[in-house]
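# Fold the stuff below for me.
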Amino acid sequence: MISKGVAESRYQLALKLFVSRNFDKSFQHIRQLYNDIITTQPLHLPVALVGNIVKLYLTEIGTIFSRDDAGMDYGAKKAALASLKNDTLHYQLQDLYEHQFEQDIPCDIWYTLLSAEFVLRNQIYSENQDTELVKKFQSALDTVHSSGQDPTLKKLVDLFVFQVLPAYNMFDRAELIITQHPVYVNKMSESQTKLDRIRQNQRAKAEEERKMEVERKKLEQEIKAKEILRKKELEKERLQKNRAIKEINDSYMKDSSLNNRQQRISSNSSSISLVSKLTSRITYLASVSQEFMKENAIIILATILIAFLASKFINLKKINIREKISETIKMAFKVTYL
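Numbering: from 1, shown residues only. Coordinates of the predicted model:
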């Protein structure tokens, strides 16, 4: 069991750390103190002190989750958020006040709890749970027994009428509360004017967001169109480059083929010219030989006959008559040719 002095001292330390913006250490202290109170029977502690401890704990939950620069242990953060999602905090407070202190949850506790839930509504409630927070506010207002002059009750109703209901676009319901709730009896016209101004601002903001969304989509379409055009230009440039390269290759192959054909024609012409010259020379030699044979036929026959008769008497092994005759005929050809 925690004593009053220890509870007061620990609360003051957590509050001092919170005021000095040391949120991490402050939350560690107040969270442990809150758990100690919930798990024991704090009937010996003043209700006001218990209320201060609970309010500081709830305030720090809303603060540390709404600040990006607030350091915090991940496990403790996850557990605190889960206690809001599954209504564990609500049930703990009901048990603390209704069963132990035998009273309704005070208005200032409701205000602090629901303020934290409203700040963290996007993390607590899904899209199909938009009305859950509205139901909790209405339930709190139905159970709170306080006079219309209670400043905490006024804060709770104002939070519901001017922030929660407009956030869910429930202006008709907000107007109904203004006309019926006791806190607005003396300030009905002023409160209605304030609600109308909130409605106009919200509509203007919605219209501005709509225009920005239209501009954003238009910009996205322009960027997309430019990107498509750029890709088309790149593709066109690529095709032109490929076409130019192909034309260069085709031109090179054509020139190379023409040069090879010209070389073959030139080579064939040279071969034909050489063959023609050789044919002319052979034809000429054959003609000269034929004429020589006509003019010297008798002499050649006589020479052959003499050589044949002489072979009977002359040793052919010593004198090669045939070779001599052959040399004589060759010499005769040469002389005739020249």
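
# Buried residues of stretch 178-192, list them for me.
If you call a residue buried by 16 or more other CB atoms under 10 Å, then stretch 178-192 has these buried ones: 178, 181, 183-184, 191. Every residue, glycine included, has its C-beta placed from N, CA and C.

# Need these in TSV (columns: distance to residue 213 and secondary structure).
Shown next, in TSV, are those (distance: CB to CB, whole Å; DSSP: H, G, I helix; E, B strand; the rest coil):
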residue	distance to residue 213	secondary structure
178	32	helix
181	36	coil
183	38	helix
184	36	helix
191	32	helix
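
# Report the helix or strand with the lowest average pLDDT across this protein.
Within the chain, no helix or strand scores below helix 321-337, which has a mean of 58 by mean pLDDT, DSSP states H and E.

# returning to that earlier point: turn the buried residues of stretch 178-192 into TSV, columns for distance to residue 117 and pLDDT.
Listed next are the buried residues of stretch 178-192 as TSV, based on distance: CB to CB, whole Å; pLDDT from 0 to 100:
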residue	distance to residue 117	pLDDT
178	23	93
181	21	89
183	21	88
184	23	90
191	23	92
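
# Rebuild those as CSV, extending it with distance to residue 206.
Shown next, in CSV, are the buried residues of stretch 178-192 (distance: CB to CB, whole Å):
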residue, distance to residue 206
178, 22
181, 27
183, 28
184, 26
191, 22
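
# So which of these is the closest to residue 5?
residue 183 (38.3 Å; CB to CB).

# what about that closest one, distance to residue 157?
5 Å (CB to CB, to the nearest Å).

# Repeat that for residue 127.
Where residue 157 is concerned, residue 127 sits at a distance of 27 Å (CB to CB).

# These two: who's more crowded?
Taking other CB atoms under 10 Å, residue 127 and residue 157 do not tie; residue 157 has more neighbours (25 against 6).

# Centre of the chain to the helix or strand hosting the more buried one, how far?
Per DSSP states H and E: residue 157 is located in helix 151-159. Centroid separation between helix 151-159 and its chain, computed with CA atoms, centre = their mean, to the nearest Å, is 48 Å.

# Quick check: what element follows that helix along the chain?
Going down the chain from helix 151-159, the next helix or strand is helix 165-167, by DSSP H and E.

# Give the ranges of residues in the protein that sit below the confidence cut-off.
The model of the chain has pLDDT under 70 over residues 66-74, 128-130, 145-149, 262, 264-275, 278, 281-282, 284-338.

# Let me see the ranges of the helices in it.
Along the chain, counting by DSSP state H, helices occupy 4-19, 23-39, 47-66, 74-85, 88-94, 107-119, 121-124, 130-143, 151-159, 165-167, 171-180, 188-295, 297-310, 321-337.

# deepest of those, which one?
Greatest average neighbour count among the helices of the chain goes to helix 107-119 (a mean of 21), per mean count of other CB atoms under 10 Å.

# Tell me which other helices or strands that helix touches.
Packing partners of helix 107-119 (3 or more CB pairs under 8 Å, 6 or more residues apart in numbering; DSSP states H and E): helix 47-66, helix 88-94, helix 130-143, helix 151-159.

# Run through who's touching it.
With CB atoms under 8 Å, 6 or more residues apart in numbering as the test, helix 107-119 has contacts from 51, 54-55, 58-59, 61-62, 65-66, 84, 89-90, 93, 97, 124, 133, 136-137, 140, 144, 146, 150, 152-153, 155-156, 159, 163-164, 167.

# Compute the inter-axis angle for it and helix 151-159.
Interaxial angle of helix 107-119 relative to helix 151-159 (axes from the mean of the first three to the mean of the last three CA atoms, to 10 degrees): 20 degrees.

# now helix 107-119, how far from the centre of its chain.
The answer for helix 107-119 is 41 Å, by CA atoms, centre = their mean.

# ok so, going back, render the CA-only coordinates of the helix holding residue 157 in CSV, please.
This file holds the C-alpha atoms of helix 151-159, laid out as CSV (Å, rounded to 0.1, in the frame of the first residue of the first chain):
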residue,chain,number,x,y,z
PRO,A,151,-16.3,25.4,-15.7
THR,A,152,-15.1,21.9,-16.3
LEU,A,153,-18.5,20.8,-17.6
LYS,A,154,-18.5,23.9,-19.9
LYS,A,155,-15.1,22.8,-21.2
LEU,A,156,-16.3,19.3,-21.9
VAL,A,157,-19.4,20.4,-23.7
ASP,A,158,-17.5,23.0,-25.7
LEU,A,159,-15.0,20.3,-26.8
